[in-house]
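J.: Sequence and predicted structure, then a few things I'm wondering about:
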Amino acid sequence: PLSTIVIGHTDNYSDEYNAFFLARNREMLNSRWTSEVAQRTSPTGDHVGDEETAIWQSMGQPKRVLVIDDRVPEASLGAGFGRMVNTLSEIASAQHCFVTFFPSDVKDGNRDELSRLGVRVLHGDLEDHLRHPGTAYDVVIISRPANYGRYGKLVRETHSKAAIIYDAEALYFRRTEQRAALTEDGPLKDQMVADAEQMRIDETGYFIDADVVVCISESEASFARSIVDESKIHVVPAQLVGPIYGTKPFSERQDVLLAASWLPGADS
């Protein structure tokens, strides 16, 4: 039928027409946006990684910051996680920062607060993520010694140009030393002393390896300064955001209960 001939002819013409303009416009686009096209990354098959890279590029390629801690932080947990929420909030609110958070041990948790702050929570294997072709962090913050021991070397290997910040959070070997001093069981006491010494050696190594060290008290900072140059040590005191302090002296206060933390358990 004539209609078939006409439609077929129009479709062929349309295909040739579109192909011509597609090739011409691609050439014009590449010519006009040479630097932007050069920065484009090709799909790798890692949909999550590719999506994150695309978002980062669409934001104008701000500084990429990776933060590693034990679990998705919630202020109600204690154990320094309220401080981590404040830290992520401050970094995410800064201009030109693209923040990703990796929970090393506990993957579950309320992520609503981090989502509200614009912080992306990393799923899956950290090594795969760090080796992804489109991943290039400018700053990596590793909180707590156990995490530095697990990931410090990996970060150095995969992101040699990134600045590594060791968020000491506490001197863990001192905690073990204090527990050993209160322990009457001889063999257990000896084991704790040995553990504390190994932890001291490990933590000393992390202070040396990191580009920047953050301590939360002058007491802990003084230990760090005995190991590395003072210029790389920074003291950022842990502070609660929001509470208003009263003026009553200690002698006039009553009915106050302090719950230090539920996470360490009854033996801590």
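T.: Ah, there it is.
J.: Quick one: neighbours of the nearest residue to Glu177 once chain neighbours are set aside, just the number.
T.: Leaving out its chain neighbours, the residue that sits closest to Glu177 by Cβ to Cβ, 6 or more residues apart in numbering is Ala196, at 4.5 Å. From N, CA and C alone the C-beta is placed, and that goes for glycine too. Neighbourhood size, Ala196 [other Cβ atoms under 10 Å]: 20.
J.: can you tell me the helix or strand for Ala196?
T.: Element membership for Ala196, per DSSP states H and E: helix 186-209.
J.: ok, which stretches of the protein are strands?
T.: Counting by DSSP state E, one finds strands in the chain at the ranges 63-71, 97-106, 120-121, 139-143, 163-167, 212-215, 233-235.
J.: Other residues contacting the first one?
T.: To tie it back to what came earlier, the one meant is strand 63-71. With contacts defined as Cβ atoms under 8 Å, 6 or more residues apart in numbering, strand 63-71 is touched by 56, 77, 81, 84, 87-88, 91, 96-109, 119, 122, 126, 135-144, 146-147, 151.
J.: again, but for the shortest one
T.: By Cβ under 8 Å, 6+ apart, the residues outside strand 120-121 that reach it are 52, 72, 99-103, 111, 114-115.
J.: which one of those is nearest Arg174?
T.: Closest approach to Arg174 among those (Cβ to Cβ): Pro103, at 25.5 Å.
J.: For that closest one, which residues are in contact?
T.: Counting by Cβ under 8 Å, 6+ apart, the residues that Pro103 touches are 69-72, 109, 121-122.
J.: And those residues, which of them are buried?
T.: 69-72, 109, 122 (16 or more other Cβ atoms under 10 Å).
J.: closest to Ser222 among the residues you listed?
T.: Nearest to Ser222, judged by Cβ to Cβ, of these is Asp69 at 24.5 Å.
J.: Specify the beta-bridge partners of that closest one.
T.: With DSSP bridges as the criterion, Asp69 is bridged to Pro103.
J.: just to revisit the earlier point, what helices and strands are in contact with the helix holding Ala196?
T.: Contact here means 3 or more Cβ pairs under 8 Å, 6 or more residues apart in numbering; DSSP states H and E; on that basis helix 186-209 packs against helix 145-158, strand 163-167, helix 172-181.
J.: Next, the angle helix 145-158 makes with the last one.
T.: Same thing as helix 172-181. Here helix 172-181 runs at an angle of 150 degrees relative to helix 145-158 (axes from the mean of the first three to the mean of the last three Cα atoms, to 10 degrees).
J.: could you dump helix 172-181 to CSV, C-alpha only?
T.: In CSV, the C-alpha atoms belonging to helix 172-181 read as follows (Å, rounded to 0.1, in the frame of the first residue of the first chain):
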residue,chain,number,x,y,z
TYR,A,172,42.8,3.1,74.3
PHE,A,173,45.9,1.7,75.8
ARG,A,174,45.4,3.9,78.9
ARG,A,175,41.9,2.4,79.4
THR,A,176,43.4,-1.1,79.4
GLU,A,177,46.2,0.0,81.8
GLN,A,178,43.6,1.4,84.2
ARG,A,179,41.6,-1.8,84.1
ALA,A,180,44.7,-3.9,84.7
ALA,A,181,45.5,-1.8,87.8
